[in-house]
Structures are given as structure tokens and as C-alpha cells.
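**Q** Return a 3D structure for these sequence lines:
(chains A and B)
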Amino acid sequence: GNSVTQMEGPVTLSEEAFLTINCTYTATGYPSLFWYVQYPGEGLQLLLKATKADDKGSNKGFEATYRKETTSFHLEKGSVQVSDSAVYFCALSAAASGGSYIPTFGRGTSLIVHP
Amino acid sequence: DAGVIQSPRHEVTEMGQEVTLRCKPISGHNSLFWYRQTMMRGLELLIYFNNNVPIDDSGMPEDRFSAKMPNASFSTLKIQPSEPRDSAVYFCASSLASSGGLQETQYFGPGTRLLVL
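**A** Numbers count the residues shown, from 1 in each chain, chains lettered A, B, ... in the order given. Next up, the predicted model:
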């Protein structure tokens, strides 16, 4: 079946540090890949997405490139801010067994940014 | 657009009571998802509807849980009887699936925080 593996947290950084959160996936066919962010007390919201190999999704200074050869979609940001503190989820949408399309989420990675 | 609307936002109940969670998806979306989030188990997909029809309910924990979608603008998740281990945040999400079924971006509601005493 489909699966998403992302690095465990928490990831603790100082403000203006470089961020990488690793995400790898297993899926049939050609999935769409997503990063969602969850701020405290809120639901998940889309951060960025990529729908085909070599596409780069970007938003709010965050970037991730769809790497089919390594089945990865790592999230990066050059300079994090305190306001980026949240939980980040890597996800995919691809065909599941039985022909239906079911979203698959990673476990989430908590990011804590200190001033 | 108001986004996905969930009610109630908070629910405190006693073990054995019936709990009903409600969701209004974004107008025009044809897929609806119910998730449960806990510290121990993370985000779990409970059930997913496409065009009001349940497609996959393999994530529903047990017979105490049931979900309905009587029309395109409303869904309920019911727990009867509730137990303390059901305490969690329950999210509803909606999306627009292509004719082939591929899901695009999901839009999540703010969640219902359920505490069963």
C-alpha cells in the first residue's frame, strides 16, 4: 500500500536557521505530493504541493521538489522565523488497492523555532 | 467561502453517552473525509465519502462509530456509546476529486475537541 515516512521531531532551531524536514514515500503510479502545516489549536492547511516529477512547490519561503528517482519530497526553508513553529505533515494522493484514491499522511514533524 | 465548518468545537461528555459531530464541506467539493488526531496515533483517516457515498471505512475503529452523508452539504460522525479512549480531536476535510478519482488539496475544518470522562 501507499505510505509516507517523515523525520521524527521535534526539530528545534534558532531564528534565521536553515530548515530541512525529510519526507520519503511509497506509492503506486504517479502520486501528487503535499506539505500541510498545522498551527496550535487549528486544522491542517495546505503549505505547498507538486503534481509531477521535478516540479517544485513553494509558498511563504518554503520549497519542496518532487524527486521521483529518490521518492522524496523534502521540505526546506532558508531562514525560519518564530512564527513558523508548527507541525508539518507530508502527504500524498495516489491510487490505493481497489482502485480508489485515498490520501496518505505522514506522522507529522513538530518544528520549534526559538528567538 | 466560509471553509469547512464543524460543530461543536468542543464537546465534553460522560462515558456511555452518544456523541454526534457535524460537518459542512466547502460548496462544490465532492469528497469528504473524517480524521481523528491523537498524540499517540497521530492523524488517522476514519472514513471517506465520494459524491455522498462511503468509499472506504476501513479506518473506523469499531461498530460504535458510524458516519453518514445524507447530502452534499452535510455529514455526521456518531459515537455510541462513547468511551474515554475516544477522546481526541476529530477533523473533517473536503476536496474536489477528478473524474478519475484523484484527490487534490484537502481543506480541513477547525476540528472538534472531544473529551469523554
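**Q** Report all helices and strands that the longest strand along chain A contacts.
**A** In chain A, with assignment by DSSP state E, the single longest strand is strand A:86-95. With contacts taken as 3 or more Cβ pairs under 8 Å, 6 or more residues apart in numbering or on different chains; DSSP states H and E, strand A:86-95 sits against strand A:3-6, strand A:23-26, strand A:32-38, strand A:101-105, strand A:109-114. C-beta: built from backbone N, CA, C; applies to glycine.
**Q** Let's have those strands in CSV, adding distance to chain B.
**A** Output for the helices and strands packed on strand A:86-95, formatted as CSV (distance: least, Cβ to the nearest Cβ, whole Å):
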stretch, distance to chain B
strand A:3-6, 11
strand A:23-26, 14
strand A:32-38, 7
strand A:101-105, 4
strand A:109-114, 11
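**Q** all strands of chain B, in order?
**A** Using DSSP E, strands in chain B cover B:5-7, B:10-13, B:19-24, B:31-38, B:42-50, B:53-56, B:65-71, B:74-79, B:88-95, B:107-108, B:112-116.
**Q** quick one: which of those strands is nearest residue A:11?
**A** strand B:42-50 (16.3 Å; Cβ to Cβ).
**Q** Give the burial count for the residue of chain A found nearest chain B, as a bare number.
**A** Ranked by Cβ to the nearest Cβ, the top residue of chain A for proximity to chain B is residue A:43, at 3.4 Å. Neighbour count of residue A:43, defined by other Cβ atoms under 10 Å in any protein chain shown: 22.
**Q** what is the closest residue to it other than its chain neighbours paired to in the beta sheet?
**A** Nearest residue to residue A:43 in three dimensions, chain neighbours excluded: residue B:108, at 3.4 Å (Cβ to Cβ, 6 or more residues apart in numbering or on different chains). Partner residues in beta bridges with residue B:108, using DSSP bridges, are residue B:93.
**Q** Now do the same for residue B:108: its pLDDT.
**A** pLDDT recorded at residue B:108 is 95.
**Q** Just give the number of residues close to it.
**A** By other Cβ under 10 Å, the residues close to residue B:108 number 23.
**Q** Fine by me, we can end here.
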